[in-house]
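Trainee: Sequence and predicted structure are below.
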Amino acid sequence: MSRVCELTGKGRQVGNNVSHANNKTKRTFLPNLQNVTLISDALGQSVKLRVSTHGLRSVEHVGGLDNWLLKTSDDKLSTKVRKLKREIVKKNAEQAA
């Protein structure tokens, strides 16, 4: 399983460990990923996702998973979440009609 947030696309970063003697060795900085169950109001179901804590805070700030997905472009999202977004858009179109 790759260490990438399914909502924000945030992944690992590469940097250096710098010792007191200024020796530099490569290291990786991993995102703080959590397994979370988020509820979709439009679909009326819960979805298990692997989300960074930053992504989780942004979802709560916007007002839920549905609102966040509708405002976010598809290029950052994982395939699972893109499919979920399409279902939400379809459901909202049915309710509007």
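Mentor: Received, thanks.
Trainee: CA only for contacts and neighbour counts going forward, please
Mentor: Fine.
Trainee: In the longest helix along the chain, which of the residues would be classed as buried?
Mentor: For the chain, the helix that runs over the most residues, judged by DSSP state H, is helix 79-96. By neighbour count on 16 or more other CA atoms under 10 Å, the buried set for helix 79-96 is 81-82, 84-85, 88.
Trainee: In this structure, mark out all the strands, start to finish.
Mentor: Ranges of strands within the chain are 13-18, 24-29, 33-40, 45-52, based on DSSP state E.
Trainee: Quickly note the distance from the most far-flung residue of the chain relative to its centre to Val59.
Mentor: The centre of the chain is farthest from one residue, Ala21, which by CA atoms, centre = their mean lies 38.6 Å away. Plainly put, Ala21 is 43 Å away from Val59 if you go by CA to CA, to the nearest Å.
Trainee: what do you get for Lys83?
Mentor: In terms of CA to CA, Lys83 sits 18 Å off from Val59.
Trainee: Ok, Leu65 next?
Mentor: 6 Å.
Trainee: Also Asn17?
Mentor: From Asn17 to Val59 the distance is 33 Å (CA to CA).
Trainee: quick one: which of the two has more around it?
Mentor: Neighbour count, other CA atoms under 10 Å: between Asn17 and Val59, Val59 has more, with 18 against 12.
Trainee: is it true that Thr37 touches Val47?
Mentor: Yes - with contact defined as CA atoms under 8 Å, Thr37 and Val47 form a contacting pair (5.4 Å).
Trainee: and Val14, bridged to which residues?
Mentor: For Val14, the beta-bridge partners are Thr28 (DSSP bridges).
Trainee: How about the contacts made by it?
Mentor: Taking CA atoms under 8 Å, 6 or more residues apart in numbering, we find Val14 in contact with 26-29.
Trainee: how about low-confidence regions in the chain?
Mentor: Applying pLDDT under 70 to the chain flags the ranges 1.
Trainee: What sits closest to Asp74 if chain neighbours are left out?
Mentor: The shortest distance from Asp74 to any residue other than its chain neighbours is 6.4 Å, reached at Arg82 (CA to CA, 6 or more residues apart in numbering).
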